[in-house]
Each structure stands twice: as C-alpha cells, then as structure tokens.
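Visitor: have a look; sequence and predicted model below, questions after that.
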Amino acid sequence: MRSRAAHVALLLVLAAACPGQDQPKPSEDPAINDPSVPRRAQDMDNPHDAGAMPPTAAPKSDPVVPNDPAAAVTGLEVADYSVGRAPLRREGTFLVRRRASMIHLRTGDWALVFHKDDRGDAERAMLITPCTNLARMEHMAADSEGPMSFLLSGQVYVYEGRNYFLPTVPPVAVVQTAEPTPPGSEDGDLVEGPQPDERNDPDTDDLLRELEAQRDAPRSIGSIAPAPPAPANSARTDPLPEGTVISRRRGRLVRQADGQTALVMNTDSDTDPAADPPLTLAPSLMRERMESQSARTGDTLVFEVSGRVLAYQGRNYLLPSMFLVYPASELLRRE
C-alpha cells in the first residue's frame, strides 16, 4: 500500500513539473504579433492634434408674437394654436356663487357673461333657462339705477351644442359703484367697486353672435307635427307652480308656433285638452334625445315622461328627467 501511494505522488509531481503542450510561446502569441498593435501603441504615445472643435452656433430665431397672423404655420389659422375659449360644460355640472352679467340677445333670450376670477379664468357664456329666478333677475336689473351683476348658483344643461344655466338658488345682486364701499346695503344687495366690462371682450362678442346665429337657425324637427290650435275658451289662466313634479305622464311631441317643442299629455280621445295644456320642453340633453326619437319615427311616437315644471312669464316649461318610448298602438282603446 505504501509503495502504491508513493507511486501516485510521484506521478503528480511529474505532471506539475511538465509545461502544457497547448500553450504557445510568448513570441508566437497572435495577440502580440498582430501588425496593428505597434501602430496603436504609437498613436497612444503621439496623439494627432486635430485642433479645438469650434462651438456650435446658436440657431437664429425671431421672438414669437402671440396671435400674430403672420406667424401662422402654413395650412393653419391663428385660432388653431391660440388660446381658445372655455370648454363646453358637461350637463349636470353645478356652479356655485359665480359672478355674471346678464345680456338680452336680439333673439329675445337672456345670456350670462361670467366675470373672470382671481386667476383670470371665466366660464363660457351661457343662455339662461326660463324659470322664476330669471324673472327675478329681470326685475332686479330693471329696478337698478346702475350696472348690476349677480352671484349665481345653479346647474348647467346642454342642448344642441350650447350650455344653458338654470339658477336653482335665488340670485344675489351686486351693484357696481364708482368707488369701492363696504359690502352690504340696506336692501341686502352687495355693493362693490367698478369692474371691467366683460362684454367688451372680443371673444365674448364672437360667442354671443354665435349663440344668436344658432338660435335663429331652423332645427331639423320637420317630422314633429305642429300643435293643434287650442279652443278659444281652453287657455289655462293659472300655470303650474314651479317645482311641480310630473311623474310618468304619456304624451306626444308637437311643434309650437314659436318653433319650440312641447309635450301634449292626455292623448286619449275622451280627455279635456284644457286640463293639461302643452308643456314646452326646457333645453337639455333629454329634450334633444326625445326630438331625435320623434324625428326618426314620426309624430305618432308616444313618450312616458317624468320631470320638473318651471314657470316663466305665465308659461310652463318641463325639464324632463327621464322618458320611455311606447308604440302608438298601446294608446288605442281596446273594446
């Protein structure tokens, strides 16, 4: 056993003493004999002096003048890159204590021009939904001896691409005076110093003209039948009070003489039309959808409508909150 272990140890010593057969000699190493090695070493010892790189010249540009028609890109107008008007508000949005001035349009409608806030932002001009608070604003403005604006809170509606504002809280008048005075007065109105006239804003003037033009444009409701003439003694002298709730009443849409769409209820043959005169639909997305349904189907379409009644100048308006559509055959009396 001892001789065998000694023999193995001797073999290990001999293997360690013998150089590897696969390792090349230093003079034959291809990494050292590469012809490019001396050239690269010479380049490192004597770098070429290519000279200092000149600085890049700053590009020449003219200062940008905002809203300059001469600076418009080819194919674009100034309005394509200038700051636009405030966006259209989504229906159902609530505005709280927003200051605005009231303007009487040529079409007979009233519009609100909102004043700018501390950040210089203002709401888009809106039309006012006919209601009792609108009548109050008219009386307050008529009794005022000077310019007047209002603090308004209410809900925004959308109809035919325009915003309508429904004041849901009694308006607070803000009387503008020549010099600032402490807030408050004997009649409860706020008194403040002069404010810039928002109606002199060119963007506001353009928007008001746009509202008037859209209001005058004929609407595509030709399939809605005109309202039948009411009997001479059937006119209702006592309009429904504002806030009256209409629940699941059936009726058809008719077009009134002034072009407004109204809902005629109690369409059965044995009912008295004087009991429920037509209710003009207040502007909203719900009204727009009802008109679209009638335009596709015709005046025989029957609606089941729920909503809230508004009152303005002896006339009732219905602000629909929901509706269902029924075929006309369901209203036929079964014997």
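Guide: Structure received. Numbering: from 1, shown residues only.

Visitor: for Leu134, helix, strand, or coil?
Guide: helix (DSSP: H, G, I helix; E, B strand; the rest coil).

Visitor: after the one helix or strand in the chain whose mean pLDDT sits lowest comes which helix or strand?
Guide: Every helix and strand of the chain was ranked by mean pLDDT, DSSP states H and E. The lowest is helix 78-81, at a mean of 41. Sequence order places strand 94-104 as the next helix or strand after helix 78-81, per DSSP states H and E.

Visitor: buried stuff in that following strand?
Guide: Going by neighbour count (16 or more other C-beta atoms under 10 Å), the buried part of strand 94-104 is Leu95, Arg98, Arg99, Ala100, Ser101, Met102, Ile103. Bear in mind the C-beta positions are built from the backbone N, C-alpha and C, glycine included.

Visitor: now do it, average pLDDT.
Guide: Mean pLDDT, strand 94-104: 94.

Visitor: what lines up beside it in the sheet?
Guide: Strand 94-104 has the following strand partners under DSSP bridges: strand 110-114 (antiparallel), strand 148-159 (antiparallel).

Visitor: list the buried ones in the last one?
Guide: So the one you mean is strand 148-159. Buried positions in strand 148-159, judged by neighbour count with 16+ other C-beta under 10 Å: Met148, Ser149, Phe150, Leu152, Ser153, Gly154, Gln155, Val156, Tyr157, Val158, Tyr159.

Visitor: close enough to count as contact, the fifth one and Thr168?
Guide: Yes: contact criterion C-beta atoms under 8 Å: Ser153 and Thr168 qualify, at 6.6 Å.

Visitor: if I pick Gly92, what's in contact with it?
Guide: When contacts are counted by C-beta atoms under 8 Å, 6 or more residues apart in numbering, Gly92 touches Gln155, Val156.

Visitor: how close does Thr244 get to Gly259?
Guide: 25 Å (C-beta to C-beta, to the nearest Å).

Visitor: more neighbours, these two?
Guide: Using other C-beta atoms under 10 Å as the criterion, Thr244 and Gly259 rank with Thr244 on top: 14 against 10.

Visitor: wait, the more buried one touches Arg308, no?
Guide: Yes: at 7.3 Å, Thr244 counts as touching Arg308 under the criterion of C-beta under 8 Å.

Visitor: pull the number of nearby residues for Glu242.
Guide: By other C-beta under 10 Å, 16 other residues sit near Glu242.

Visitor: again with Ala173
Guide: Neighbour count of Ala173, defined by other C-beta under 10 Å: 20.

Visitor: that one pairs with what?
Guide: Phe150.

Visitor: number the residues from 55 up from this point.
Guide: Will do, 55 is the new start, and the previous item becomes Ala227.

Visitor: touching, it and Gly200? I think so.
Guide: No: at 11.1 Å, Ala227 and Gly200 do not qualify as touching, with contact defined as C-beta under 8 Å.

Visitor: any idea how far Met180 lies from Lys170?
Guide: Met180 is 15 Å from Lys170, by C-beta to C-beta.

Visitor: before we move on, back to that, nearest to Leu294, of the buried residues of strand 148-158?
Guide: Relative to Leu294, the closest of the buried residues of strand 148-158 is Met156; by C-beta to C-beta it sits at 25.4 Å.

Visitor: hmm, Pro201 and that closest one touching each other?
Guide: No: taking C-beta under 8 Å as the definition, Met156 is not a contact partner of Pro201, at 10.6 Å.

Visitor: in the stretch 255-389 of the chain, where is pLDDT below threshold?
Guide: 255-258, 260-261, 265-266, 268-291, 320-329, 353, 381-389 (pLDDT under 70).

Visitor: where do the helices sit along it?
Guide: 256-270, 339-351 (DSSP state H, counting those that start in this stretch).

Visitor: C-alpha coordinates for the last one, PDB please?
Guide: The C-alpha coordinates for helix 339-351 follow below in PDB (Å, rounded to 0.1, in the frame of the first residue of the first chain):
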ATOM      1  CA  LEU A 339     -79.900  66.600 -23.500                       C
ATOM      2  CA  MET A 340     -83.100  64.800 -22.600                       C
ATOM      3  CA  ARG A 341     -85.100  67.100 -24.800                       C
ATOM      4  CA  GLU A 342     -82.600  66.700 -27.600                       C
ATOM      5  CA  ARG A 343     -82.900  62.900 -27.400                       C
ATOM      6  CA  MET A 344     -86.700  63.000 -27.400                       C
ATOM      7  CA  GLU A 345     -86.700  65.200 -30.500                       C
ATOM      8  CA  SER A 346     -84.200  62.800 -32.200                       C
ATOM      9  CA  GLN A 347     -86.500  59.900 -31.500                       C
ATOM     10  CA  SER A 348     -89.500  61.700 -33.000                       C
ATOM     11  CA  ALA A 349     -87.500  62.800 -36.000                       C
ATOM     12  CA  ARG A 350     -86.700  59.200 -36.800                       C
ATOM     13  CA  THR A 351     -90.100  57.700 -36.000                       C
END
